[in-house]
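Asker: Pasting the sequence and the predicted model now:
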Amino acid sequence: MSHATKTTFADEVRAIPGGEHLEMCYSCGTCVSKCMIQQKLEPEYNPRRLLQLVMMNEREGAFQSPTTWLCSACDLCYPACPQQIHISGVISAVKQKAVEAGYHSPLESVQVDEKLCSGCGICVMVCPYEAPHLVEKKIKGVVDTVSESDPNRCMRCGTCVGACPTGAIARKGIANSDLHKQILPKKQGQPAYKMIAFVCDWCLRETSDLEILESYSPDVKVVHIPCSGRIDPQLALLSLQAGIEKVLVCGCKPGECHFMRGTYLGTCKLGILDQMFTQIGILNNRVRFVQIGTQERGRIRHEIDAMLATPSIPVEVK
Amino acid sequence: MVDAARQPNITIKAFTEVERVEGFVGNFKVQLREKSKYVHTDKCNGCGECTKVCPIEVPNYFEMNLAPRKAAYVPMSQAVPLKYTIDLENCIHCYKCVEACGKLEAIDFSMEDKISWEDIGAVIVATGYDHFDPSVMAEYGYGKYPNVITSMEMERLNNSAGPTAGNLIRPSDNKNPERIAFINCVGSRDKRYNQYCSNFCCMYSIKNAVLLKQMMPDLDITVYYMDIRTPSKGYEEFYDRARELGIHFVQGRPALITEDDETHNLFIHSEDVSLGKVIEREYDMVMLNQAGIPQPDQNTMSSVLNIVQSPGGFFMEYHPKLRPIDTPTDGVFLAGACQGLKDIPSSVAQGLAASSRASRILHSEEWEIEPTVAVVWPDRCISATGKQCGLCAKACPYGAILYETGKAAEVVTAKCHGCGGCVAECPHNAITQLHFTDAQVLAQLQALLAVEPEKKILAFRCHWCSYGGADLAGTSHFDYTANERGIRVMCSARMDSDFIYEAYRLGAGAVLYSGCHRQDCHYITGQIVGATRAERLTKTFEKMGMSTGRFRVEWISAAEGDKYARVLNEMQANLDKIPTLTLKEEIEKLRPQMEQRARRMREVPGVDEALQYQMKILASQKAGEEVAK
């Protein structure tokens, strides 16, 4: 009893709030199958194994594991865990230790164009991960307030990209210019597709659902976005302007969003667009936001069918 | 069951509920309510004519609601006794059954519940268990997806006397499935619902899988499990046989099931732990092995019989290892799943054990109990003078004290288990506990605190838990302070506040008040009595201005030797922090208050003699020391 006990790596993780109950894991694998990262992003992703690495004091192994860096704390696994372990809490504790030890996130963070950034701080407000923050910098000899993103916190949801009013924040693949290219037809004239669907990468769990999406080509143009929080009302307007009849945005169900509150932000943004349409007297049956739950296999087919079946009323501004 | 009905010494009272149990071991009086079946059991010959004519159809509980039954029915064809019942809740009073019954005149709609009292020697509780309802687990979609069923429903579908005559079909399209899966641990080993392991489901799913595989060799069967537990004789061999038959076993708890809305096929998403990969496989049908849970009226039964429930809700045995059949109330025994989930062999073994335990009572003239029972001094009881009191009766976990204003309280010795709660609660010290009298405890106190009391830590330990904890700390060689002095009483309920006051009056440095954890208490609710008192004492000492940590309350089980050592070391460290002079001053300052509070104990018969005797021992000890010098 009087022996002094050594502090292990597991103890260090346990001492960080969120890291408790680590030793309760009995490796049932519920968290791994509830999570979609292994299927969609990284085959080596496995929270159960990370917990075991920590329990067995495999410090380096835990820091190098992709699980440490890819967990977006969506907490789908937490209510499913039969041992009620707050897994994302443990992972974030490990991540904290890894950052302290000098490791860096392998994820590519967003880039801020400091010339365009006005320092309004909207990105700071919308980010679910507290990655962007405002800093004072000398740009062209003038001290200015600009946004800067912490690469170890950024989970690449793109919410800030969609929210930035000046278009100063960008990430390769989902920058405004990239999406515009996808929306607008390459050749001049009327686009070949009737409908455009902005689909969040996480709302369609099943491979069969993605196949359904592909089967509507070329009538439906699919634009993949990392999160429905990335959507911007301007993208919808741009699509309508280009002559596309319908715009569908698919996000996760609230509580199941891969980026905590991205789907909430997406809903709010399209809600504003809806209000705008009402104010200028347009019946909005052209832009819709649907929230698809993890268990709603095949729902996307019904949504697209319903959307295509609605006759589009010509826009008449009062 | 049929054998039991034929045995002349067994009377089966079907449709009857136990409503009240009074008396004590060997002399119980039990109130029974025989619910009206609206059929005279002596006249009904079980011909079933009433069922044939009954126009009402309601879901059949026995068939897991997969088939209908009539309002005039027997619950199952093997029912004992085979007598029909009219379900009045669903009956439309067409009286066709009365016509069909004809001259037998067995059906009587004017019947009422019969209440009777019976003399009973011993009670065996074998009320069984209930099933967890998996529809609360949205991830498995039970109740939402037609082809997700429970294993109990599967049993009925697979039964040759069941609703489909043994033809296993999918509820969505009545086709035979080709790929089926079992999911284990649905609602068990899950802290969201039931933390415990349901014990029988591993074998149950293997059995079902083997049965299906034997009947339909082409059937693709997968069992999803967290751990397969096959601890009994022959079980592991059976598991091997299932594997040899080609049944797939996947280690991994499925996170969710999705359904194709056109084919109603199901997709199980699970990690295959041995591969470390998430797999998504398609099945025609999924069976959930749901957990067993306590019966819905388990709480009512436990208060009727005055027995305790374990944390999971099942009835608690008297001792988990040494007396697994007995309950805290003598003469009441447990058998089967009502005590804890178990499979058929264990239930049968426990049932036989319970009946032999019970027959021991029926065949004995006398009954031995622990000698530490409570005894009342009628002349000291305040109730005899006509004043309201009854604190002893409130404290008794067994209902062993008969209290009536105007009469001295009376202890039913056969019911008393000797926790001593009443003794400690009595404000007039009118009750004593044999072998743990106030005088005896006081004598120990005096002896332990005779020399340098301010350095001592006095530990009150209950016999069953913290005493065992202290013992374990000793046998495990855990270092703890040598200033600890222990006093054993039967239960924390016996730790009289007078003892604590007296200990401080004598100048004790610190006092530990320890007993069982609430759910482990050997005396049903004894710990609650003790804990309430400890709380009161803590507040009192706080108000008196006692330094913190001098009075400590801890619940330590017999397995927590390390905790016992830790607590005492902490108390010693705390005591070391207080400078000796300050401590002595505090003791002196509080002494008059303590004396005032403990004054009643000095009036107890025998206390004076004990103290005098104690003084003699101390004197002789001192004399001996001097001689040695």
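Answerer: Cool, the structure landed. Residues are numbered from 1 along each chain as shown, chains lettered A, B, ... in the order given.

Asker: Chain A contacts on chain B?
Answerer: B:138-139, B:141, B:185, B:189-192, B:226-227, B:251-262, B:267, B:269-273, B:276-278, B:280, B:478-480, B:562, B:565-566, B:569 (Cβ under 8 Å from any Cβ of the partner chain). (C-beta placed from N, C-alpha, C; glycine too.)

Asker: ok, 7 Å please
Answerer: B:139, B:141, B:189-192, B:226, B:252-256, B:258-261, B:267, B:269-271, B:273, B:276, B:278, B:478-479, B:562, B:565 (Cβ under 7 Å from any Cβ of the partner chain).

Asker: Quick check: nearest residue in space to residue 166, chain neighbours excluded?
Answerer: Defaulting to chain A. A:Leu116 (4.8 Å; Cβ to Cβ, 6 or more residues apart in numbering or on different chains).

Asker: Hmm, no, I was thinking of chain B.
Answerer: B:Gly166 sits nearest to B:Ser160 (Cβ to Cβ, 6+ apart), 3.9 Å away.

Asker: Of the residues of chain B next to chain A, which belong to strands?
Answerer: Among these, the residues falling in strands (DSSP state E) are B:Leu256, B:Thr258, B:Glu259, B:Phe267, B:His269, B:Ser270, B:Glu271, B:Val278.

Asker: Quick check: which element contains A:His258?
Answerer: Secondary structure from DSSP states H and E places A:His258 outside every helix and strand.

Asker: Could you check how far the residue nearest to B:Phe62 when sequence neighbours are not counted is from B:Arg461?
Answerer: Excluding the flanking residues, the one nearest B:Phe62 by Cβ to Cβ, 6+ apart is B:Met76, at 4.7 Å. Look at B:Met76 and B:Arg461: by Cβ to Cβ, to the nearest Å, they are 53 Å apart.

Asker: Repeat that for B:Val186.
Answerer: 43 Å.

Asker: got it, and B:Ala623?
Answerer: Using Cβ to Cβ, one obtains 32 Å as the distance from B:Ala623 to B:Arg461.

Asker: Identify the residues contacting residue 68.
Answerer: Looking at chain A here, since you left the chain open. The contact partners of A:Thr68, taken as Cβ atoms under 7 Å, 6 or more residues apart in numbering or on different chains, are A:Leu50, A:Ala62, A:Ile91, A:Val94, A:Lys95, A:Ala98.

Asker: Wait, chain B was what I had in mind.
Answerer: B:Glu57, B:Val58, B:Pro59, B:Asn60.

Asker: Top of those by number of neighbours, please.
Answerer: In terms of neighbours by other Cβ atoms under 10 Å in any protein chain shown, the contacts of B:Pro68 top out with B:Asn60 at 18 neighbours.

Asker: thought that residue was touching B:Ala67?
Answerer: Yes - B:Asn60 is in contact with B:Ala67 according to Cβ atoms under 7 Å; the separation is 4.9 Å.

Asker: that older thread, show me which of B:Ala623 and B:Arg461 is the more surrounded one.
Answerer: B:Arg461 (24 against 10).

Asker: now for the helix or strand harbouring that one, which elements pack on it?
Answerer: Assigned by DSSP H and E, B:Arg461 belongs to strand B:457-462. Where contact means 3 or more Cβ pairs under 7 Å, 6 or more residues apart in numbering or on different chains; DSSP states H and E, strand B:457-462 is packed against strand B:484-489, strand B:510-515, helix B:561-577.

Asker: contacting residues around the residue nearest to B:Lys96 when sequence neighbours are not counted?
Answerer: Spatial nearest neighbour of B:Lys96, chain neighbours left out: B:Val53 (4.3 Å); criterion: Cβ to Cβ, 6+ apart. Residues counted as contacts of B:Val53 (Cβ under 7 Å, 6+ apart) are B:Lys96, B:Cys97, B:Ala100.

Asker: Which elements pack onto the lowest-mean-pLDDT helix or strand in chain B?
Answerer: Lowest mean confidence among the helices and strands of chain B (mean pLDDT, DSSP states H and E): helix B:607-628, at a mean of 75. Contacts defined by 3+ Cβ pairs under 7 Å, 6+ apart place helix B:607-628 against helix B:438-448.

Asker: if we can go back for a sec, okay, among the ones in strands among the residues of chain B next to chain A, which ones form the most distant pair?
Answerer: B:Glu259 and B:Glu271 (20.1 Å; Cβ to Cβ).

Asker: Looking only at neighbour counts, state which of the two leads.
Answerer: More crowded of B:Glu259 and B:Glu271, by other Cβ under 10 Å: B:Glu271, with 29 against 22.

Asker: Excluding chain neighbours, give the residue nearest to the more buried one in space.
Answerer: Nearest residue to B:Glu271, sequence neighbours excluded (Cβ to Cβ, 6+ apart): A:Gly29, at 3.3 Å.
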